[in-house]
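*Asks:* this one's sequence-less:
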């Protein structure tokens with residue numbers, strides 16, 4: 001509840017328009033999410049006032065696009081693009097492609113949407129050579145991992161997963177699972193087969209560790 005209250009208070013900030021507050025909060029959550037995935041976000045982090053000075057009180061979604069490189073592998077690059085408020089059609093996607101910088105070297109695209117998307121638009125995205133994630137803007141108003149009741153999450157590397165299975169003499173399919181569509185799996189951009197470590201701690205249980213395999 002505390003994080004939800006902080007978010008509501010942030011959206012209630014009287015220093016700007018509702019649109020500037022919404023776009024600022026969504027961009028902030030995106031940067032936190034990408035930092036948790038290992039991307040270099042330092043140069044893109046902005047205060048609320050700096051955001052308003054750059055993008056104004058009625059931000060143009062196209063101006064909010066940004067591209068980041070992974071800290072451990074700079075050639076791993078992701079681009080974030082905010083779609084407008086109109087329904088997203090195939091022609092909209094073709095226009096979005098023109099906003100992508102260096103599409104031939106892009107690893108993944110995060111498309112932030114506010115309206116419904118037609119089946120033709122989705123089909124067009126399926127043909128992309130890079131991974132595409134579609135996230136609704138309203139889902140970014142709160143960072144779900146920062147809620148006081150959320151446990152700690154750590155994504156295992158391939159070697160860490162191998163060591164875990166060897167330690168407990170397990171097969172991959174014997175691990176408890178988490179759906180790829182789960183909100184946490186989507187937050188970390190997890191693919192099928194990846195394993196996430198979950199550490200619970202509270203006044204009753206000092207530390208309890210569990211693992212989930214994404215399916």
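*Replies:* That came in fine, so what should we check first? Owing to the predicted nature of the structure, the values given are computational and were not obtained by experimental measurement.
*Asks:* which secondary element of this protein has the worst mean pLDDT?
*Replies:* Lowest on mean pLDDT, DSSP states H and E among the helices and strands of the chain sits helix 2-11, with a mean of 48.
*Asks:* That helix: what's the following helix or strand?
*Replies:* Downstream of helix 2-11, the first helix or strand assigned by DSSP states H and E is helix 18-36.
*Asks:* Now do the helix or strand just after that following helix: which elements does it pack against?
*Replies:* As assigned by DSSP H and E, the chain's next helix or strand after helix 18-36 is helix 48-55. Secondary-structure packing of helix 48-55 (3 or more Cβ pairs under 8 Å, 6 or more residues apart in numbering; DSSP states H and E): helix 18-36. Every residue, glycine included, has its C-beta placed from N, CA and C.
*Asks:* Give the other helices and strands that the helix it packs on contacts.
*Replies:* The contact analysis (3+ Cβ pairs under 8 Å, 6+ apart) places helix 18-36 against helix 2-11, helix 48-55, strand 77-82, strand 108-113.
*Asks:* redo that, cut-off 7 Å
*Replies:* Helices and strands touching helix 18-36, by 3 or more Cβ pairs under 7 Å, 6 or more residues apart in numbering; DSSP states H and E, are helix 2-11, helix 48-55.
*Asks:* What's the mean pLDDT across that helix?
*Replies:* Mean pLDDT, computed over helix 18-36, is 97.
*Asks:* got it, and stretch 136-151?
*Replies:* Mean predicted confidence for stretch 136-151 is 92.
*Asks:* Where does the prediction get shaky in the protein?
*Replies:* Across the chain, the ranges flagged by pLDDT under 70 are 1-15, 203, 205.
*Asks:* Let me see the domain layout of it.
*Replies:* 2-144, 151-214 (automatic domain parsing).
*Asks:* excluding its backbone neighbours, what's nearest residue 173?
*Replies:* residue 213 (7.9 Å; Cβ to Cβ, 6 or more residues apart in numbering).
*Asks:* Name the helix or strand for that neighbour, please.
*Replies:* Going by DSSP H and E, residue 213 is in strand 208-214.
*Asks:* Each with direction, which strands does that strand pair with?
*Replies:* When pairing is defined by DSSP bridges, strand 208-214 lines up against strand 177-178 (parallel), strand 195-200 (antiparallel).
*Asks:* Throw those strands into CSV and include distance to residue 76 and mean neighbour count, thanks.
*Replies:* Formatted as CSV, the strands paired with strand 208-214 follow (distance: least, Cβ to Cβ, whole Å; neighbours: other Cβ atoms under 10 Å):
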stretch, distance to residue 76, mean neighbour count
strand 177-178, 23, 16
strand 195-200, 19, 18
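*Asks:* Which among those strands is found nearest to residue 163?
*Replies:* Proximity to residue 163 (Cβ to Cβ) singles out strand 195-200 among the strands paired with strand 208-214, at 10.8 Å.
*Asks:* got a list of contacts for the closest one?
*Replies:* 151-156, 161, 164, 175, 178, 188, 190, 207-213 (Cβ atoms under 7 Å, 6 or more residues apart in numbering).
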